[in-house]
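Undergrad: have a look; sequence and predicted model below, questions after that.
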Amino acid sequence: MKKTLFAVMLVMGGAVFLCSPRLWADSEIFNPSPEILMSNLLTNHEEIRTYRQGVKQAQGLVRQSRGLYYPSLNLYGDTGFEKIDKEYHDDTDEFRHQVTLRGTQLITDFGKTTGTIKKDRLFLEQSKATLELTRQRLMRDGIAAYINIVKARERIKTAQYSEARIKELTGIEKTLVEKGAGLSSNVLQAKSHLAGAMALRVKAQGELEIAQNRFQALFYHFPTNADVNTFQKIAFPGALIPGTLDDSLAQANKAFPEIQISRLDLEMGREAVQISKSTFYPTLNLFAEAIHADNDNGSQGERKDYSTGIEFQYNLFNGGSDTAAVKSALAIRDGASSRLEHIKKQVREQVRNSWNQLATLRQRKELLDQQTDILKNFLELAKKERTMGVRPLLDVLSGEVNYINARGEAIAAQEDMKIAAFNLIYAMGAMNIDIFTP
């Protein structure tokens, strides 16, 4: 019995696992194309789905508030026994009913309905801006995760090559020592270089694992080592970088979604003030009403009443809540205004930092490229001098280690410069999936 129950549970568990939705099927071949990855990211990520639902919610609110412009038609009715004791007439005890059909059309409420519709439309625009901000942020994070994997992969290759070369040169020095033509101290120093190269390889492998974890968190797929080898080098987006810092700041102030969100907050705050002030004025409606009654209110037989006209509602006193609502709306509006200025300052800081970081990394890469070229020339001369017997093997070893490490640093600086460029593009509000289209 226990075995049968265990088998049934195992089959059911397997069926649930196989039927559960997964973003990446096991049989699906991983495609390293940045365009396809970004398209999947903007389709499948939970944050995108969440904010898309927020846009749908805002669209529903707009449709709901727009209905306030149109007439309303309501049908009321009741039925039951009614007994009325009369002093000067005969008492009545009848089964009665009444049906009322009433239609109303708003004439004016002095801006309350108009303000409500405008506020809901602004909320829809804000929901779309929030979705756009999320899209741009995820694209920035996604391309940074992609580049970091490429950077870590290249650093591992450099570290592995350095380690292999040091092992080779260390073996040569050991042979010379065994033959009495080398120094034991050179072997120890070569082993020291080897330990350093191995440490760099371990560090690079750790950076790759962190980059893989970040990639999985964004794209819902863990890139295997085979996947990593297929990652492409991303081109530097130089065409999207403005010529001056001022141009970058102007672009950010115009297009960065978070500034748009704060501006819409301020506009909604202004509408809320107008809505709260409208409560100090009456509401005017056009109405039409038809009543059909039978044995109602002590009158036997049928009765039909028809009426039409204008009605108004005007609150004379409600304990000061209208005044409190106006004060609250004014505080919300002033808070939104302060927040907008704060967001603008933050965005300017972000743009300036991104611009300065890109300039610093560009200069650093140029200097590392120069260092790499110098070390390459030195290494070539050192090898020639080694063949002539005027340069010790250890100098060649140090020169080769320095050259390989400098080349690795130059490659890393180049990839970091790309990330800084995309950070600047994001800070300007210019991230778009078309950037990754070949």
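TA: Thanks, I have the structure now. Everything quoted here is computed from the prediction, not taken from an experiment.
Undergrad: what ranges do the strands span in the stretch 51-200 of the chain?
TA: For the stretch 51-200 of the chain, the strands defined by DSSP state E, counting those that start in this stretch cover 72-84, 92-108.
Undergrad: most tightly surrounded among those strands?
TA: Mean neighbour count (mean count of other C-beta atoms under 10 Å) peaks for strand 92-108 among the strands of the stretch 51-200 of the chain, with a mean of 15. Where you see a C-beta, it was placed from the backbone N, CA and C, and this is true even at glycine.
Undergrad: quick one: mean pLDDT over that one.
TA: For strand 92-108, the mean per-residue pLDDT is 89.
Undergrad: what does stretch 297-306 give?
TA: Stretch 297-306 comes out at a mean pLDDT of 81.
Undergrad: swap in stretch 395-402?
TA: 80.
Undergrad: return it as PDB; C-alpha atoms alone will do.
TA: This file holds the C-alpha atoms of stretch 395-402, laid out as PDB (Å, rounded to 0.1, in the frame of the first residue of the first chain):
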ATOM      1  CA  ASP A 395      63.500  39.300 -16.900                       C
ATOM      2  CA  VAL A 396      61.700  37.700 -19.800                       C
ATOM      3  CA  LEU A 397      59.300  36.000 -17.400                       C
ATOM      4  CA  SER A 398      58.600  39.300 -15.600                       C
ATOM      5  CA  GLY A 399      58.200  41.100 -18.900                       C
ATOM      6  CA  GLU A 400      55.800  38.500 -20.200                       C
ATOM      7  CA  VAL A 401      53.700  38.400 -17.000                       C
ATOM      8  CA  ASN A 402      53.500  42.200 -17.000                       C
END
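Undergrad: now R66. Nearest residue, chain neighbours left out?
TA: I117 (5.9 Å; C-beta to C-beta, 6 or more residues apart in numbering).
Undergrad: what count of nearby residues applies to the nearest residue in space to I433 that is not next to it in sequence?
TA: Excluding its sequence neighbours, the residue lying closest to I433 (C-beta to C-beta, 6+ apart) is M38, at 5.3 Å. By the measure other C-beta atoms under 10 Å, the count of residues near M38 is 23.
Undergrad: let me see the contact set for M38.
TA: By C-beta atoms under 8 Å, 6 or more residues apart in numbering, the residues touching M38 are M139, G142, I143, I433, F436.
Undergrad: with just CA atoms, put the helix or strand hosting it into PDB.
TA: Using DSSP states H and E, M38 sits within helix 34-44. What follows is helix 34-44, C-alpha atoms only, in PDB (Å, rounded to 0.1, in the frame of the first residue of the first chain):
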ATOM      1  CA  PRO A  34      21.700  40.900 -27.500                       C
ATOM      2  CA  GLU A  35      18.600  41.900 -29.500                       C
ATOM      3  CA  ILE A  36      16.800  38.600 -28.800                       C
ATOM      4  CA  LEU A  37      17.900  38.600 -25.100                       C
ATOM      5  CA  MET A  38      16.600  42.200 -24.600                       C
ATOM      6  CA  SER A  39      13.300  41.400 -26.400                       C
ATOM      7  CA  ASN A  40      12.800  38.400 -24.100                       C
ATOM      8  CA  LEU A  41      13.800  40.500 -21.100                       C
ATOM      9  CA  LEU A  42      11.100  43.100 -21.900                       C
ATOM     10  CA  THR A  43       8.500  40.400 -22.500                       C
ATOM     11  CA  ASN A  44       9.100  38.000 -19.600                       C
END
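Undergrad: thinking again about what came up before, dump the strands of the stretch 51-200 of the chain to CSV, plus distance to A217.
TA: Formatted as CSV, the strands of the stretch 51-200 of the chain follow (distance: least, C-beta to C-beta, whole Å):
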stretch, distance to A217
strand 72-84, 50
strand 92-108, 51
